[in-house]
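Trainee: A structural model of the following input is requested.
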Amino acid sequence: MPKSKRDKKISLTNTRKKGLELKQNLIEEVRASVDRYARIFIFSVENMRNSKIKDVRNMWKHSRFFYGKNKVIAVALGKDRAGEYREGLHMISSKLKGNVGLLFTNETKEAVIEWFDEYVEPDFARSGNVARSTVVLDEGPLTQFTHSMEPHLRQLGLPTLLKKGVVLLVGEHTVCKEGEPLTPEQARILKLLGNAMVDFKIDLLAMWSNNGTFEDLKTSEVTDARSYRTTQETEERSDGEQEVEGKEEEEDDEEEE
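Mentor: Purely as a prediction, here's the structure:
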């Protein structure tokens, strides 16, 4: 009797082992990138599209992008000062929340900011996006659509009919209104009309440099991890000296007694 495919056993041990290997490989790749590149930028993405991210990766082949697996990346960088791979990297880890990624590069801060400020790619809105403008279709023929599209247009809510092989809009129709969230049908109609109502854009949030500094690019606040350590060490020495002085005073008091 042939064995059923449903009876196939899966080794959870092997699956777990493979998952650990993938995580370990990612940790090694991240740390290798820290050693190779001078700067790390944290970025968020407006109107995320995988194809657009791929385009940016191709244009920045001289650098390295990491997007996703933020918890593993945080482990690679170090979640606190004691465990960080390089000075100041724990500040990057603390920002790895939500839909953010990392760009490792040797390009200057000024060059990176200028490029990403200028890079904006129009794209089609999706359900839930807010309409950027009001779109109204006038009554009459919709010559951009073939006759075979007419049933689909009606399904999307457009008041159409087919007359002598031409798609006609029966009466003026408002597709969407500015400031209102788009429904799935409205988003599909806008795409069919070729109306790109959103922009794909990468927003830079912060930057770490291999000299140990961390800069919040929104507030321009700069933190120097090296100076923090120096201050911390000074405070620890001061606390230690105070403890020693306290013990010496106790010993002197005991001798007087």
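Trainee: element containing the closest residue to residue 93 other than its chain neighbours, please.
Mentor: Setting aside the residues directly before and after it, residue 93 is nearest to residue 74 in space (CB to CB, 6 or more residues apart in numbering), at 4.0 Å. For glycine as for every other residue, the C-beta is placed from the backbone atoms N, C-alpha and C. Assigned by DSSP states H and E, residue 74 belongs to helix 70-77.
Trainee: elements contacting that helix?
Mentor: Contacts defined by 3 or more CB pairs under 8 Å, 6 or more residues apart in numbering; DSSP states H and E place helix 70-77 against helix 12-36, helix 89-93.
Trainee: For the stretch 101-250 of the chain, which segments count as helices?
Mentor: In the stretch 101-250 of the chain, the helices defined using DSSP state H, counting those that start in this stretch lie at 109-118, 150-155, 184-192, 225-256.
Trainee: so where's the stretch 101-250 of the chain uncertain?
Mentor: Residue ranges of the stretch 101-250 of the chain with pLDDT under 70: 228-250.
Trainee: one more time with 90
Mentor: Flagging of the stretch 101-250 of the chain using pLDDT under 90 yields the residue ranges 164, 220, 224-250.
Trainee: Need the CA coordinates for stretch 165-174. CSV is fine.
Mentor: Only the C-alpha atoms of stretch 165-174 are listed here, as CSV (Å, rounded to 0.1, in the frame of the first residue of the first chain):
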residue,chain,number,x,y,z
GLY,A,165,-18.4,48.5,-28.4
VAL,A,166,-17.7,51.6,-26.4
VAL,A,167,-17.7,51.9,-22.6
LEU,A,168,-19.9,54.7,-21.5
LEU,A,169,-20.2,56.3,-18.1
VAL,A,170,-23.8,57.0,-17.3
GLY,A,171,-23.6,60.3,-15.4
GLU,A,172,-20.8,62.1,-13.6
HIS,A,173,-19.1,59.9,-11.0
THR,A,174,-16.9,60.8,-8.0
